[in-house]
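K.L.:
Sharing a model prediction with you, sequence too.
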Amino acid sequence: MALKTRNSYGTITVSEDVIASLAGHLAMECYGIVDKVPSSFSDTLSDLFKRSNKSRGVRVMTKGDRIYLDLFVVFKFGLPISAVASSLKSTVKYGIEHFTGMIVSEINVHVVGVKL
């Protein structure tokens, strides 16, 4: 489902795929994030066929004008999980809210593993 908003210029529609790609890109720019892990079967197929998929490891759900995100990530070993997760949440929240103009209600970070 796409997000829709209206302003004085007309209606703006933002696809969930665009939000997932943006969230994936922002997540990989955060310090302490090493990789994203496939969150669905389609992500696994993309990995199998070696297609670049920026939305890998990101699940987006929208209700009205609210955005809910699940991020499946691998952290760098030796860093405090709570600090990296907090930084990840704030970076992704700010980036998506700034880009879309919508409100990010919830971001869940799923730490799937750690790497050296």
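P.N.:
Arrived safely.

K.L.:
Quick one: the helices in this protein, in order.
P.N.:
16-28, 41-48, 81-100 (DSSP state H).

K.L.:
Which of those helices has the highest mean neighbour count?
P.N.:
helix 16-28 (a mean of 19; mean count of other CB atoms under 10 Å). Every residue, glycine included, has its C-beta placed from N, CA and C.

K.L.:
how much does it deviate in direction from helix 81-100?
P.N.:
Comparing the axes of helix 16-28 and helix 81-100 via axes from the mean of the first three to the mean of the last three CA atoms, to 10 degrees yields an angle of 140 degrees.

K.L.:
Poorly predicted segments of this protein, please.
P.N.:
For the chain, applying pLDDT under 70 flags the ranges 1, 39-52.

K.L.:
most centrally placed residue in it?
P.N.:
Per CA atoms, centre = their mean, the C-alpha nearest to the average position across the chain is that of A23, at 3.1 Å.

K.L.:
got a list of what that one touches?
P.N.:
55, 58, 60, 69, 71, 92, 95-96 (CB atoms under 8 Å, 6 or more residues apart in numbering).

K.L.:
Can you say which of the helices of the chain is nearest to V111?
P.N.:
Smallest distance to V111 across these (CB to CB): 6.2 Å, for helix 81-100.

K.L.:
Would you mind pulling the contact partners of the closest one?
P.N.:
Identification of contacts with helix 81-100 by CB under 8 Å, 6+ apart yields 3, 14, 19, 22-23, 26-27, 29-33, 67, 69, 71, 73, 75-76, 102-104, 107, 109, 111.
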